[in-house]
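Colleague: Provided below are the primary sequence and the corresponding predicted coordinates.
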Amino acid sequence: MNDKKKLGNKGEELALVHLLSKGYEILEVNWKSGHLEVDIIARDADRLVFVEVKSRTSAVFGEPVEFVKPTQQNRIFRAANLYYEQKASELEARFDIIGLLFMPEGFEIVHLEDAFYPIA
């Protein structure tokens, strides 16, 4: 496994711990349908939360949460629609980003709730 994949896996593990500590119910991890994937799908009270996790070792080019571009957001929306079709959920959707910045002395985690919205 390459270093980038290891970093991503560690970020997802820490994101799961973070969500669990906030009382989220984890429904899916790395949920896939065809070529679409969502890192984490969780339930937060009456919301179905689709979470994208971004991990970086440097903020030189921007914070990790800034790396979820509109093209990726669109793929997450499409995946969410497929998830709703398959699971027939009545819960409202929310789209979050969790960014992790790994430094020699530890890590920093930022959780943006309602980070982006479907384009109407």
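Modeller: In hand now; what should we look at?
Colleague: From now on I want contacts and neighbour counts done on CA atoms only, so please keep to that.
Modeller: Fine.
Colleague: thinking residue 37 is in contact with residue 77, fair?
Modeller: No: in this structure residue 37 lies outside contact range of residue 77 using Cα atoms under 8 Å: 10.2 Å.
Colleague: So the two - more neighbours on which side?
Modeller: Counted by other Cα atoms under 10 Å, residue 37 and residue 77 do not tie: residue 77 has more neighbours, with 20 against 17.
Colleague: Sticking with the residue nearest the centre of the chain, tell me its helix or strand.
Modeller: For the chain, residue 52 is the residue whose C-alpha lies nearest the centre (Cα atoms, centre = their mean; 1.9 Å). Here residue 52 sits within strand 47-56, counting by DSSP states H and E.
Colleague: Okay, now the sheet partners of that strand, with direction.
Modeller: Paired with strand 47-56 in the same sheet, following DSSP bridges, are strand 36-44 (antiparallel), strand 92-103 (parallel).
Colleague: Having no further points to raise, I will conclude here.
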